[in-house]
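Colleague: here's my sequence, what's the structure:
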Amino acid sequence: MSKRLTRAETTFGVPSVALRNALRKLGGNSLIEPEWFAKYLKVSNARCRQLAHDLQAEGWLAKDTQYPEYLALTELGHRFTIARATQPMKRKTADRLLDGAIRAAKDINADGSMTHFVEELYVFGSYLSDRHEIGDLDLGVKLGRRLGRLTNEQWSKWCRDIGYASSARNIVAMLFHSENLVLRRLKQRSKYVAIHPLSDLDQIGAERRLIFRSGKRVAPPKVSGDPALAT
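Modeller: A predicted model of the protein is given here:
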């Protein structure tokens, strides 16, 4: 669905894969100053300013309308962040990974110890073409919290009681940790499977195909006798 990068190529004078990784960290809602790139690309502030200028000229970054001293990632820049650097795979391999992702979604929803469940799963990108070799298996996912009615304090307590993210620094870190457990199962430890939130697909207007939608899912077990945490 996007261009394929090689480890040797450069974009705007910096390694393409490194630039892609940096822009991935920026995401779609963050605002930065040009010097932000120094942390991830190991270049001087002067080079950062030139890079930011080039990215604006190409339409990958734009000045924020409310805070014009800061820059934000555009839709065009976002497309670059999902470029891949792997070699193409056979369609039969992609079929196997797709079947595995569907099985994983069913298993996740049947596992009451998982803090999240899979509401919807989509395939998009090169898999929807008729090519015999495709770049990767791009999946869009919508997750739900299995106990979405809980307050943050109750959620944190539940996560600790079932053994998830007990060392997380705060509720945000715990939330992402438990989400990532679900995403890793969908990914199946394959470098060819790329998991994206549905907002990524909406942002780039990607054509998609629904492959899984949640039906009945297992409720989590009762935790520590707290009525608020009962199923």
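Colleague: what ranges do the helices span in the chain?
Modeller: Under the criterion DSSP state H, helices of the chain are mapped to 16-26, 37-41, 45-58, 75-81, 91-109, 152-161, 171-187, 198-204.
Colleague: check contacts around the residue nearest the centre of the chain.
Modeller: Nearest to the mean C-alpha position of the chain, counting by Cα atoms, centre = their mean, stands H196 at 4.1 Å. Neighbouring residues of H196 by Cβ atoms under 8 Å, 6 or more residues apart in numbering: I82, D138, L139, G140, V141. To be clear about C-beta, it is placed using only N, CA and C from the backbone, and glycine gets the same treatment.
Colleague: same list, those residues, but as TSV with pLDDT please.
Modeller: Formatted as TSV, these follow (pLDDT from 0 to 100):
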residue	pLDDT
I82	76
D138	90
L139	94
G140	94
V141	95
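Colleague: return the closest of those residues with respect to F37.
Modeller: I82 (19.1 Å; Cβ to Cβ).
Colleague: next, the closest one: phi, psi?
Modeller: Backbone geometry at I82, expressed as degrees, to the nearest 10, gives phi -100, psi 10.
Colleague: correct me if wrong: it contacts D200.
Modeller: Yes: between I82 and D200 a contact is recorded at 7.0 Å, counting by Cβ atoms under 8 Å.
Colleague: if I look at I32, how far off is N21?
Modeller: As judged by Cβ to Cβ, to the nearest Å, I32 and N21 stand 15 Å apart.
Colleague: higher neighbour count, these two?
Modeller: I32 (18 against 14; other Cβ atoms under 10 Å).
Colleague: show me what the closest residue to that one other than its chain neighbours is bridged to.
Modeller: Leaving aside its sequence neighbours, I32 sits nearest to L71 (Cβ to Cβ, 6 or more residues apart in numbering; 5.5 Å). Beta-bridge partners for L71, by DSSP bridges, are I32, K63.
Colleague: sorry, back to before: give the bridge partners for the residue nearest to the centre of the chain, please.
Modeller: Where H196 sits in a bridge, its partners, by DSSP bridges, are G140.
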